[in-house]
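**Q** return atomic coordinates for the entry below.
(2 chains)
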Amino acid sequence: MDIDWLSGPLLQQLNSGVILLNKQLQVVYINPYICRRADIQLESVQGKDLFSVFADAPKAWLSRKLNSVLSLQSPAFSSWEQRQYLFKLPHLRPVSSANQYMAQNCNMLPLTEPSSGEHFVCLLIEDATDAYVYQSQLQQSNLQLQQVNRLDGLTGVLNRNYWQQQLEVEVQRAGRYQHPLSLLFFDLDKFKRLNDEYGHQAGDIVLIEVAKLIGSLLRETDLFGRYGGEEFAIILPDTPLEGAIEVAKRICQRVAATPIEYQQQQLMTSVSVGVSQFSIATSADELIQQADLALYQAKRNGRNQVVTYYPELIDSLKKVKT
Amino acid sequence: MTDLSFTEEQRDCLQELINVAMGLASDKLARFLNTFVHLQVPAIGLVNAAEIPEQFRGQYQGLNSSMISLGFFGDGGLRGETILLYQLENAGKIAALLGYDDDATSEAEMLTDISSILTTTFLNGLAEQLDNSFSYAAPRIISSRDNDFISKLEQTAFHWQLALKVDIRYELTDYSFDCNMILLIPGEAVLKLKAILDNVLAEF
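**A** Predicted structure coming up:
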């Protein structure tokens, strides 16, 4: 069977774009798929330079690439993953995201006219908008999952695991650049009694509200995490001890002065805070241990106060234990 | 089990065809890059694909390397995948030659461009020698700036029975660019390749 008749209707109805260029990169043929989307007439663009027809196309890069196809007689490719589109064409999907233009995969093929031996380059353009949209959605959900994975479900502050990873990072950074770094550990006072008296729901509300209140007192760069139960921890990067003590006192005052509403009742609570400071050769674990010791001392001193770590604390704790 | 190993004659024939393809490729690249290109006669080796990752472990471990894959299909059931391995430091040299330093082309795009120029130029030459013609899939970056380089190569090599390992050294007048190319060919295509080589041999 003779199939010469096939190429005409195929090019007319093909669901991909075809652009044929001569060696000077002038338009020889553009199929209806492209003509309709670009709103151009084949007759009016034939013989014109590709980049005068598609003024937005990346000229330097694309002409280099097309010339490589012609001179090497090897195909070249362009993928939407690296360059979202070559030509600004609309797509047929509802505009659901920022991708205003059709994402494109493009094959650039060397062709030779059999009778004259003249070289041409053919661009085959495929719509990859679906893949682009799915990929964007996937990235979006991965980002959300990553967020969820880092946060404490109840209070929305960092969870212990992620907070501890961040502490390692900050300790290394402080050591490398010799920046100050401080740590706060705090604990809600008599939280067990509050739970017993008002129920666990009230306890949860108090945790949420206290976390919200303290979060509002911190800088963007401070790392606020829930260490466990009613114990929280804050990394204060680039903060020397005096600054950290100031933050800790402010936290103490504000929590003690702010009633938390629960079923028409005003619940009062307070926090005890321990402060420690990074110095060269302090490990993340030691920093935690020191802040925790200071916190313990703040509780022993009568709660609702700030205690800064000092080495003798270790001895005083030993005395208590023995 | 079908014997995939090559006879000495077949191996010599393939080596010769690859040499010629290399010659063609270097000629085309020289014209394109406007500089003298010398492609060293490559060392080829037919190896079990499973051994490939181990062979490259030492050479690329701990370096900023890239691994780019390009699939090809020919007539007569011939098909395969080429993997181009190189250090990013080397990629910068050839990128400068290709004129990539003057615009905001992404690194990923530069890597796929370089790879497809180097591999398709060679494969077109090889296809010509085999009286065949290849069509190509778009190049794909398997790994770049990635410490997990070797394990990704392991996953890829796993799909293939036989690997034709071709070490290529591209030498340009003012630059030297080393890379490794691996031709991975699946078992059934190896049989086709052997038949094609036998045909070529019969014609001499």
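**Q** B:S65 and B:L29, how far apart?
**A** Separation of B:S65 from B:L29 (Cβ to Cβ, to the nearest Å): 22 Å. The way it works is simple: take the backbone N, C-alpha and C, and place the C-beta from them, glycine included.
**Q** A:G17 too?
**A** The gap separating A:G17 from B:L29 is 30 Å, by Cβ to Cβ.
**Q** per-residue pLDDT, the residue of chain A lying at maximal distance from its centre?
**A** Going by Cα atoms, centre = their mean, the residue of chain A most distant from its centre is A:M1, 58.3 Å out. A:M1 is assigned a predicted lDDT (pLDDT) of 76.
**Q** one more: the one 10 residues further on?
**A** Reading off the per-residue confidence, A:L11 sits at a pLDDT of 91.
**Q** now do it against chain B, distance only.
**A** The spacing between A:L11 and chain B, counted by Cβ to the nearest Cβ, to the nearest Å, is 19 Å.
**Q** for the helix or strand harbouring B:G58, what is the average pLDDT?
**A** According to DSSP states H and E, B:G58 maps onto helix B:52-60. For helix B:52-60, mean pLDDT rounds to 74.
**Q** how far does the helix or strand that it is followed by sit from the chain's center?
**A** Using DSSP H and E, the helix or strand that follows helix B:52-60 in sequence is strand B:65-73. Chain-centre distance of strand B:65-73: 8 Å, with Cα atoms, centre = their mean, to the nearest Å.
**Q** average pLDDT across strand B:65-73?
**A** Computed over strand B:65-73, the average pLDDT equals 86.
**Q** and it, is it in reach of chain A?
**A** No. Figure legend: strand B:65-73 not in contact with chain A (Cβ under 8 Å from any Cβ of the partner chain); closest approach 9.1 Å.
**Q** so what's the residue count around the residue of the stretch 101-250 of chain A found nearest chain B?
**A** Nearest residue of the stretch 101-250 of chain A to chain B, counting by Cβ to the nearest Cβ: A:N105, 6.7 Å away. A:N105: 19 surrounding residues under other Cβ atoms under 10 Å in any protein chain shown.
**Q** in the helix ranked longest in chain B, which residues are buried?
**A** For chain B, the helix with the greatest residue count under DSSP state H is helix B:8-33. The neighbour-count check on helix B:8-33 (16 or more other Cβ atoms under 10 Å in any protein chain shown) flags B:10, B:13-15, B:17-18, B:21-22, B:24-26, B:28-30, B:32-33 as buried.
**Q** tell me where the model's unsure across the stretch 1-150 of chain A.
**A** For the stretch 1-150 of chain A, applying pLDDT under 70 flags the ranges A:93-99.
**Q** picking that back up, and what about the residue of the stretch 101-250 of chain A closest to chain B, helix, strand or coil?
**A** When classified by DSSP: H, G, I helix; E, B strand; the rest coil, A:N105 comes out as strand.
**Q** one more: the one 10 residues further on?
**A** A:S115 carries the three-state label coil when classified by three-state DSSP.
**Q** longest helix anywhere in chain A?
**A** Assigned via DSSP H, chain A shows its longest helix as helix A:129-150.
**Q** export only the CA atoms of that helix, formatted as PDB.
**A** Presented in PDB, the C-alpha positions along helix A:129-150 are these (Å, rounded to 0.1, in the frame of the first residue of the first chain):
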ATOM      1  CA  THR A 129       1.900  20.100  31.700                       C
ATOM      2  CA  ASP A 130       0.300  17.100  33.400                       C
ATOM      3  CA  ALA A 131       3.600  15.800  34.600                       C
ATOM      4  CA  TYR A 132       4.600  19.300  35.600                       C
ATOM      5  CA  VAL A 133       1.400  19.800  37.700                       C
ATOM      6  CA  TYR A 134       1.700  16.300  39.400                       C
ATOM      7  CA  GLN A 135       5.300  17.000  40.200                       C
ATOM      8  CA  SER A 136       4.500  20.300  41.700                       C
ATOM      9  CA  GLN A 137       1.800  18.800  43.800                       C
ATOM     10  CA  LEU A 138       4.100  16.000  44.900                       C
ATOM     11  CA  GLN A 139       6.700  18.500  46.000                       C
ATOM     12  CA  GLN A 140       4.100  20.500  47.800                       C
ATOM     13  CA  SER A 141       2.900  17.500  49.800                       C
ATOM     14  CA  ASN A 142       6.400  16.400  50.500                       C
ATOM     15  CA  LEU A 143       7.100  19.800  51.900                       C
ATOM     16  CA  GLN A 144       4.000  19.600  54.100                       C
ATOM     17  CA  LEU A 145       4.900  16.100  55.300                       C
ATOM     18  CA  GLN A 146       8.400  17.300  56.200                       C
ATOM     19  CA  GLN A 147       6.800  20.200  58.200                       C
ATOM     20  CA  VAL A 148       4.500  17.800  60.000                       C
ATOM     21  CA  ASN A 149       7.400  15.500  60.700                       C
ATOM     22  CA  ARG A 150       9.200  18.300  62.500                       C
END
